[in-house]
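# Build me a model from this:
(one chain, ligands or ions: 1)
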Amino acid sequence: MKAVYISEHGGVDKLLYGNRPDPTPGRGEVVLRVRASALNHLDLGFRANPGRGAEGLPRILGCELAGEIAQVGSGVTGLSVGDRVLVDNRVKCGTCQPCLTGQDQYCLHQLRIGVDLDGGHAEYCKVPAINAYHFRPSMSFEEAAAIPLAFHTAWHCLMVRGQLQPWETILIQAGGSGVGSAGIQIAKRIGARVITTAGTDDKLAKAREMGADEGINYRNTPEFSSRVRELTEGKGVDMVLDVVGAAVWEQNLLSLRVDGRLVITGATSGSQIGMNLSILQGRPLTLMGSGGRSRRSFGEMMSVINRGELHGVVGRVFPLQEVGKAHEVMESRDFFGKLVVRGPQ
Ligand SMILES: [Zn+2]
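I've put the predicted structure just below:
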């Protein structure tokens, strides 16, 4: 089958388009005919650096995917050939202590489709049946491929970690990003007030179309916390969702109200910061990481997705042969929502 894969880590030139062996499903697995896959910063990071997925090359990239089931392995129930599904890319062992005690987000042996296992930039992809979720008929494959990582990350940060409430105001950084655009929708869905940032007025206009109440252009207003305070009658926001990291660290802290909370799920601008620890005591603030996500929260999120209340945000669509171009666009940040790769027709 045709696939986009890497045999060594490095720049965009390390992405190879060529033939890889067709997958066959083992017990408890299904093979999807991939109709669409989507890009994440994780793809760029893994392409450039081995991380902890170093042993598995060559590796087909693509952490998010949607398609039709083409083959069903033994022992699989509830899924049939032809079913339209999207895929949770976190594969859990099901037998370790965290898995057995309902804490599978902390599975000791979890693997990531598209990093530790072959991913969705291919004609076919093998996944555990438990990772495949039906999606509503009105949703296209492109939209479905834009859901799994971006929405589950935002859902986990807002609903599970941060426990955002309807009466609260949240600052969502990078409202034009996959996680940011998902976070805006989820926060509005539960009734919270949303302030978002983006680097262009065009992105802010799109973020408002999706429901954001206020937008701040961080290029025009790098000290955006003062604008956040104006918009919150001097108090600051209850919660910040950040994917940007070091570049906005100080402004994040200054944007939070007393007893506010910061949830971090990415650090695309850098991860090293200097920090005045007294701010934790004096304000006092709660700083939260995000990390692993559970099957339970993925299933809960899919219930809302399948009611048609949240929508994948497809920014641009590329053919499979142009994954390298999509990586370049992602690095340029000149897009809104998700970069999607269409499977071979
Ligand atoms: Zn486990």
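# Count the neighbours of Arg136 for me.
By the criterion of other Cβ atoms under 10 Å, Arg136 has 13 neighbours. Placement of C-beta: from N, CA and C, glycine included.
# Start the count at 9 instead of 1 going forward.
OK, 9 is where the count begins now, so the last one is Arg144.
# doesn't it fall inside a helix?
No - with DSSP: H, G, I helix; E, B strand; the rest coil as the criterion, Arg144 is located in coil rather than a helix.
# wouldn't His49 be in contact with Gly274 here?
Yes - here His49 reaches Gly274: they are 6.5 Å apart, a contact under Cβ atoms under 8 Å.
# Look at these two and report which has more neighbours.
Between His49 and Gly274, counted using other Cβ under 10 Å, Gly274 has the larger neighbour count: 22 against 17.
# pLDDT score assigned to the spatially closest residue to the more buried one that is not a sequence neighbour?
Once flanking residues are discounted, Gly274 sits nearest to Val251: 3.6 Å by Cβ to Cβ, 6 or more residues apart in numbering. pLDDT, Val251: 91.
# number of nearby residues for Val251?
Neighbourhood size, Val251 [other Cβ under 10 Å]: 25.
# ok, now the one 5 residues further on?
Counted with other Cβ under 10 Å, residues neighbouring Val256 total 23.
# What score does it have for pLDDT?
So Val256 comes in at 91 (pLDDT).
# Would you mind measuring from it to the ion?
Distance of Val256 to the ion, given as Cβ to the ion, to the nearest Å: 34 Å.
# Neighbours of the closest residue to the ion within the stretch 109-258 of the chain, how many?
Taking Cβ to the ion, the ion has its nearest neighbour within the stretch 109-258 of the chain at Cys115, 3.2 Å off. Residues lying near Cys115 (other Cβ under 10 Å) number 21.
# Identify the residues contacting the closest residue to it other than its chain neighbours.
Nearest non-adjacent residue to Cys115, counting by Cβ to Cβ, 6+ apart: Lys100, 4.2 Å away. By Cβ atoms under 8 Å, 6 or more residues apart in numbering, Lys100 lies in contact with 107, 112, 115, 117-118, 303.
# Residues of the stretch 109-258 of the chain that sit close to the ion?
For the stretch 109-258 of the chain, the contact set with the ion under Cβ under 5 Å from the ion comprises Cys115.
# As a check, name the ranges of all strands in the stretch 109-258 of the chain.
Assignment of strands within the stretch 109-258 of the chain using DSSP state E, counting those that start in this stretch yields the ranges 119-120, 132-136, 140-142, 177-180, 201-206, 222-225, 245-250.
# I'd like the ones you listed as CSV, with distance to Leu293 and mean neighbour count appended.
Shown next, in CSV, are the strands of the stretch 109-258 of the chain (distance: least, Cβ to Cβ, whole Å; neighbours: other Cβ atoms under 10 Å):
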stretch, distance to Leu293, mean neighbour count
strand 119-120, 31, 16
strand 132-136, 39, 24
strand 140-142, 36, 19
strand 177-180, 13, 27
strand 201-206, 17, 26
strand 222-225, 20, 20
strand 245-250, 10, 27
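# can you redo these as a markdown table with distance to Val331?
Converted to a markdown table, the strands of the stretch 109-258 of the chain look like this (distance: least, Cβ to Cβ, whole Å):
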| stretch | distance to Val331 |
| --- | --- |
| strand 119-120 | 18 |
| strand 132-136 | 14 |
| strand 140-142 | 23 |
| strand 177-180 | 28 |
| strand 201-206 | 25 |
| strand 222-225 | 31 |
| strand 245-250 | 28 |
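# ok, which stretches of this protein are helices?
For the chain, the helices defined by DSSP state H occupy 49-56, 105-108, 149-153, 156-163, 186-197, 209-217, 232-239, 257-263, 286-290, 303-313, 331-340.
# weakest of these by average pLDDT?
Among the helices of the chain, helix 286-290 scores lowest, with a mean of 82.
# care to break this structure down by domain?
Following automatic domain parsing, one gets these domains for the chain: 10-155+320-350, 159-296.
# Below-threshold pLDDT in the stretch 9-158 of the chain: ranges please.
60-63 (pLDDT under 70).
# Contacts only, for the residue of the stretch 209-353 of the chain found nearest the ion.
Nearest residue of the stretch 209-353 of the chain to the ion, counting by Cβ to the ion: Gly300, 10.2 Å away. The neighbours of Gly300, taking Cβ under 8 Å, 6+ apart as the test, are 98, 113-115, 118.
# Pull the most distant pair out of these.
Arg98 and Tyr114 (11.2 Å; Cβ to Cβ).
# In terms of neighbours, single out the busier of these two.
Arg98 (22 against 15).
# distance of Leu157 from Arg120?
Plainly put, Leu157 is 10 Å away from Arg120 if you go by Cβ to Cβ, to the nearest Å.
# again with Glu76
For Glu76 relative to Arg120 (Cβ to Cβ), the value is 23 Å.
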